[in-house]
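K.L.:
take this sequence and fold it.
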Amino acid sequence: MPDSLTMPERQHLVTVALEDYFHVGAFNRLIQHGQWYRFETRVERSTRRTLDLLDEYGIRATFFVLGWIGEHLPEVIREVAARGHEIASKGYYHRSISQMTPDEFRDDLARSREVLQRASGQRVLGFRVADEWFRPSDIWALDVLCQEGYEYDSSIAPMLWRWGAEPWRRFAHTHSFGDRQLWEFPISSLDYFGLQVPIGGNWLRQLPPALTRRAVARWHRGYRAPFVLYFHTWELDPQQPKISAASAFQQVRQYRNLDTMPARLSWFFERYRFTSVAQHLGLATTLPGRLPTPIPGPSRVRRAEAPALLGGTSAETGERTPVTVIVPCYNEELILPYLANTLRSVEERLGERYEFRYVFVDDASSDDTWQALHRTFGDLPSRTFVRHGTNRGVAAGIASGLRAADTEIVCSIDCDCTYDPHELGRMIPLLASADVVIASPYHRDGAVRNVPSWRLFLSRGLSGLYRMVLSHQLATYTSCFRVYRRSSSLDMELRYTGFLGVAEFIGRMDLAGRRIIEFPTTLEVRMIGRSKMKVVRTIGGHLKLLARLAWARMTLDDRTARPGASPQLNIDSPAATGTSPVSV
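P.N.:
Next up is the predicted model:
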């Protein structure tokens with residue numbers, strides 16, 4: 001490192017938020033903690049990139065780590081500690097202090113500290129809130145940290161005028177509670193016309209480099225307190241999956257300038273000296289009398305968290321009911337890791353009762369879905385791959401799966417898991433008194449989460465029209481998440497093979513006098529990738545389908561009213577045109 005680049009000898013602090021791309025606060029309203037297991041984990045690679053960059057400049061940093069990572073990926077924490085860095089706490093889940101009472105905060109501190117110390121072999125001395133910086137009304141949390149024996153906190157970020165009444169909190173200071181003292185290291189900010197603007201974190205990536213460089217130089221020249229540089233491990237992973245359900249603002253906040261982050265950090269690492277908070281305070285992090293707990297390798301961790309599909313994942317409790325699960329896919333390469341993690345969990349929870357077999361139907365995808373299906377699910381002992389020569393639509397995919405199935409109970413699920421496949425455990429028993437069970441978010445006991453209001457308006461409006469035409473008064477007709485009696489479904493001849501065919505199937509079942517049961521469930525917004533539905537075209541198609549079903553019902557009613565007449569199902573009115581029928 002050239003001497004001409006370095007600034008005068010003085011140490012600042014570098015702190016790193018060790019979390020994965022789906023943990024971040026920008027997505028807290030979209031992604032529930034209980035869904036974290038579904039996402040492809042990339043924190044290992046982003047953490048190693050961070051460690052390699054710090055090693056290049058001989059820097060020891062403080063890593064604020066989620067306790068969830070310490071419990072589920074302890075080998076990552078072990079590697080950070082082994083490479084000379086300090087482990088501090090960011091709480092167990094990615095939560096704001098406003099979401100917790102003092103007692104809940106205390107319990108969260110204890111839980112995260114225990115798993116992080118077990119994984120790292122270090123004393124956990126520091127804390128930083130995971131989501132939303134402390135406000136003046138949150139000072140009680142510093143009292144709790146004192147009581148729990150923490151040595152420092154870094155959860156205050158002077159922003160705009162939030163801490164204007166206490167300007168001294170912009171800089172490192174101590175907080176007292178009884179006979180205990182706690183150091184506070186706020187996120188560094190500069191005063192612009194009376195407003196505080198943070199320098200590090202997301203601002204470091206979003207603002208022009210020249211501006212942040214001048215800001216840090218100004219801090220270095222003007223203040224004795226150490227500058228606190230901070231960033232996230234996921235900011236060094238520009239290939240991370242994109243959460244398509246996020247708003248435009250959230251996507252800019254998460255993905256803008258990711259590819260420039262290593263160069264931006266290197267510029268500062270070349271010119272300033274940095275150290276960890278513990279080293280700055282002269283604190284020892286070694287746990288007295290304890291060696292770090294041995295950490296299993298990645299493969300053992302993966303099996304403990306998510307057992308291999310169908311690979312001896314459940315205790316033998318007698319005969320299990322065979323069930324076929326159909327997964328229609330079209331350009332779903334990016335979502336397959338999410339699907340695989342979800343199905344592992346389904347196997348873990350339901351595998352004692354059901355012997356799951358899978359039919360993956362690739363509807364002539366134009367991306368790498370076909371190859372990715374084989375890579376992801378090729379080792380399953382009970383799986384079948386079906387590939388259409390041309391793109392035919394989701395209903396055709398389900399029809400192909402029904403033909404390929406070899407069990408009486410058949411389920412169809414969405415590849416993006418917008419309906420929770422774990423609900424199959426409650427849906428399958430309902431088939432005892434039905435020919436098909438359909439998941440219904442619009443049922444009075446159902447729910448939707450983060451789905452755009454315009455989509456709900458259209459879907460509910462269409463369902464109201466179907467209720468006017470058909471005998472079953474269902475709240476939902478368009479859900480692909482269903483459980484079928486195969487023997488009752490194979491004789492359904494569909495005219496429409498895409499999204500319309502999903503509703504047409506229920507219409508034909510209704511007109512044929514089959515038994516249909518709704519199961520109330522929750523519909524989530526799609527997290528990764530884009531919906532394949534063409535909204536305007538699909539709405540027009542539904543109106544045509546409704547006209548066909550109405551004609552069929554009138555014809556059927558007329559024929560069954562005649563003495564000695566046998567009902568015949570025909571949804572084609574005299575003026576109808578369309579594609580050739582497709583047999584299920």
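
K.L.:
quick one: contacts for the closest residue to residue 470 other than its chain neighbours?
P.N.:
Ranked by CB to CB, 6 or more residues apart in numbering and with sequence neighbours excluded, the top spatial neighbour of residue 470 is residue 510, at 4.4 Å. C-beta: built from backbone N, CA, C; applies to glycine. In this structure, residue 510 makes contact with 470, 471, 472, 516, judged by CB atoms under 8 Å, 6 or more residues apart in numbering.

K.L.:
which of these tops the neighbour count?
P.N.:
Across the contacts of residue 510, neighbour numbers were computed from other CB atoms under 10 Å; residue 470 holds the maximum, 22 neighbours.

K.L.:
surely that residue and residue 548 touch.
P.N.:
No: counting by CB atoms under 8 Å, residue 470 does not reach residue 548; the two are 11.9 Å apart.

K.L.:
mind listing the helices for the stretch 151-300 of the chain?
P.N.:
Assigned by DSSP state H, counting those that start in this stretch, the stretch 151-300 of the chain shows helices spanning 202-206, 209-222, 248-255, 261-271, 277-281, 298-305.

K.L.:
closest to residue 458 out of those?
P.N.:
Proximity to residue 458, assessed across the helices of the stretch 151-300 of the chain by CB to CB, is greatest for helix 248-255 (21.7 Å).

K.L.:
same question for that closest one: list its buried residues.
P.N.:
Using 16 or more other CB atoms under 10 Å as the test for burial, helix 248-255 gives 250, 253, 254, 255.

K.L.:
again, but for stretch 81-98
P.N.:
For stretch 81-98, the neighbour count (16+ other CB under 10 Å) marks 81, 85-97 as buried.

K.L.:
and the two most separated of those residues?
P.N.:
Between any two of the buried residues of stretch 81-98, the greatest separation by CB to CB is 27.2 Å, found for 81 and 96.

K.L.:
same for the longest helix belonging to the chain, what does it pack against?
P.N.:
Across the chain, the helix with the greatest residue count (assigned by DSSP state H) is helix 535-561. For helix 535-561, the packing partners by 3 or more CB pairs under 8 Å, 6 or more residues apart in numbering; DSSP states H and E come out as helix 453-469, helix 499-511.

K.L.:
direction included, what does the next helix-or-strand element following the first one pair up with?
P.N.:
Towards the C-terminus, the helix or strand next in line after helix 453-469, according to DSSP states H and E, is strand 482-485. Using DSSP bridges, the neighbouring strands of strand 482-485 in the sheet come out as strand 409-412 (antiparallel), strand 436-440 (antiparallel).

K.L.:
now the ones you listed as JSON lines including distance to residue 202, mean neighbour count and mean pLDDT?
P.N.:
Conversion of the strands paired with strand 482-485 to JSON lines gives the following (distance: least, CB to CB, whole Å; neighbours: other CB atoms under 10 Å; pLDDT from 0 to 100):
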{"stretch": "strand 409-412", "distance to residue 202": "41", "mean neighbour count": "24", "mean pLDDT": "97"}
{"stretch": "strand 436-440", "distance to residue 202": "38", "mean neighbour count": "25", "mean pLDDT": "96"}
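
K.L.:
out of those strands, which is closest to residue 275?
P.N.:
When the strands paired with strand 482-485 are compared by CB to CB, strand 436-440 sits nearest residue 275, at 54.4 Å.

K.L.:
sorry, back to before: so what pLDDT did the residue nearest to residue 470 get?
P.N.:
Listed pLDDT for residue 510 reads 92.

K.L.:
equivalent analysis for residue 385, please.
P.N.:
Note for residue 385: predicted pLDDT of 97.

K.L.:
skipping its backbone neighbours, what lies nearest it in space?
P.N.:
Nearest-residue entry for residue 385: residue 360, 5.3 Å, with adjacent residues in sequence omitted and distances by CB to CB, 6+ apart.

K.L.:
using the three-state scheme, assign that neighbour.
P.N.:
Applying DSSP: H, G, I helix; E, B strand; the rest coil to residue 360 yields a three-state assignment of strand.

K.L.:
pretty sure it contacts residue 377?
P.N.:
Yes: proximity of residue 360 to residue 377 meets the contact threshold set by CB under 8 Å, at 6.3 Å.

K.L.:
the strands in the stretch 101-250 of the chain, which residues?
P.N.:
Along the stretch 101-250 of the chain, the stretches classed as strands by DSSP state E, counting those that start in this stretch are 126-127, 152-153, 173-177, 180-184, 189-192, 195-198, 228-232.

K.L.:
and these, which is most packed in?
P.N.:
strand 126-127 (a mean of 28; mean count of other CB atoms under 10 Å).

K.L.:
by contact count, what packs against it?
P.N.:
Using 3+ CB pairs under 8 Å, 6+ apart as the contact criterion, the elements in contact with strand 126-127 are strand 62-65, strand 86-89, strand 152-153.

K.L.:
any chance of the helices and strands packed on helix 535-561 in a markdown table, plus distance to residue 487?
P.N.:
A markdown table is the format used below for the helices and strands packed on helix 535-561 (distance: least, CB to CB, whole Å):
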| stretch | distance to residue 487 |
| --- | --- |
| helix 453-469 | 25 |
| helix 499-511 | 13 |
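
K.L.:
of these, flag the one that's most buried.
P.N.:
Highest mean neighbour count among the helices and strands packed on helix 535-561 (mean count of other CB under 10 Å): helix 499-511, a mean of 23.

K.L.:
could you give the angle of that helix to helix 453-469?
P.N.:
Computed by axes from the mean of the first three to the mean of the last three CA atoms, to 10 degrees, the angle separating helix 499-511 from helix 453-469 equals 30 degrees.

K.L.:
between helix 499-511 and helix 535-561, how many degrees?
P.N.:
Using the same axes, to 10 degrees: helix 499-511 against helix 535-561 is 20 degrees.

K.L.:
CSV for the buried residues of helix 248-255, including distance to residue 135 and pLDDT?
P.N.:
Below are the buried residues of helix 248-255 laid out as CSV (distance: CB to CB, whole Å; pLDDT from 0 to 100):
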residue, distance to residue 135, pLDDT
250, 22, 89
253, 20, 90
254, 23, 92
255, 28, 93
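
K.L.:
ok, so what distance separates the nearest residue to residue 142 once chain neighbours are set aside from residue 110?
P.N.:
Nearest in space to residue 142, with sequence neighbours left out and distances taken as CB to CB, 6+ apart, is residue 175 at 4.6 Å. Separation of residue 175 from residue 110 (CB to CB, to the nearest Å) stands at 20 Å.

K.L.:
and residue 48, by the same measure?
P.N.:
In this structure, residue 48 lies at 29 Å from residue 110, with CB to CB as the measure.

K.L.:
more neighbours: which of these two?
P.N.:
Residue environment comparison for residue 48 versus residue 110 gives the larger neighbour count to residue 48, 16 against 12, counting by other CB under 10 Å.

K.L.:
next structured bit after the lowest-mean-pLDDT helix or strand in the chain?
P.N.:
Averaged element by element with mean pLDDT, DSSP states H and E, the chain has its least confident helix or strand at helix 298-305 (a mean of 33). Towards the C-terminus, the helix or strand next in line after helix 298-305, according to DSSP H and E, is strand 321-329.

K.L.:
that next one - contacts with which helices or strands?
P.N.:
If contacts are counted by 3+ CB pairs under 8 Å, 6+ apart, strand 321-329 sits against strand 354-362, helix 394-404, strand 409-412.
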